[in-house]
Each structure stands twice: as structure tokens, then as C-alpha cells.
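Colleague: Prediction below, plus the sequence it came from.
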Amino acid sequence: MPRIRILQSIAGTDFSWAPGDEIQVDGAAASAWADGERAELVEDTEQGGAEKAAVRSRGGGRARRTETRTT
């Protein structure tokens, strides 16, 4: 069964998903939810590999810090 990672909060009458949750769903539900806005597909690799793929798909992780040091 495919897994999706939630990107935006989603709730229904009998479920509630928060950003970052990984949910296992059937193929039809995965293709419906994984549109890049609400959720994304998670590859079935090692945990670290899937996280790296997710960071790449969202644009690279943490924002760069501005330089605040004065000399």
C-alpha cells in the first residue's frame, strides 16, 4: 500500500492528520490526496532516504540564516 506524507492539516468525521504525518492508504486515495499541496507520496526506502526525498521536493530544508554578527 502506498504511503503519503501530509503537508497541510486535514480532518474529517473520523480522522485528523497534521503536517508531517505519514499515512498508509490505498492506491486510489494516494493519487487523490498526493497533489503536492495537501500531501506527497513517500517512497518505500529507508526512513532517512524518504525524508531526504521529501526535503528535496519541498525546496531544500531550512531557510538560510541572515548574517547578524557585527564586527
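Modeller: Alright, I've got the coordinates.

Colleague: Quick check: G27 vs L41, distance?
Modeller: Taking CB to CB, to the nearest Å as the criterion, G27 is separated from L41 by 11 Å. (Each C-beta comes from the backbone N, C-alpha and C, glycine too.)

Colleague: Look at the two and report which has more neighbours.
Modeller: Looking at G27 and L41 with other CB atoms under 10 Å, you find the greater number of neighbours at L41, namely 18 against 9.

Colleague: what about the more buried one, is that helix, strand or coil?
Modeller: Put simply, L41 is strand when judged by DSSP: H, G, I helix; E, B strand; the rest coil.

Colleague: Do you know the pLDDT at the closest residue to it other than its chain neighbours?
Modeller: Nearest non-adjacent residue to L41, counting by CB to CB, 6 or more residues apart in numbering: A34, 4.7 Å away. At A34, the model reports a pLDDT of 89.

Colleague: where does the protein have low pLDDT?
Modeller: By pLDDT under 70, the low-scoring segments of the chain are 44-71.

Colleague: Now do the strands in it.
Modeller: Per DSSP state E, the chain carries strands over the ranges 3-6, 10-11, 16-17, 22-24, 39-42.

Colleague: Would you mind measuring from the residue nearest to I4 when sequence neighbours are not counted to D14?
Modeller: With CB to CB, 6+ apart as the measure, A39 is the residue that lies nearest to I4, at 4.2 Å, once sequence neighbours are left out. As for A39, its distance to D14 is 18 Å (criterion: CB to CB).

Colleague: Comparing these two, which residue is more hemmed in?
Modeller: Shown here are A39 and D14; by other CB under 10 Å, A39 has more neighbours (25 against 5).

Colleague: what's near enough to touch that one?
Modeller: Counting by CB atoms under 8 Å, 6 or more residues apart in numbering, A39 touches 4-8, 10, 23, 33.
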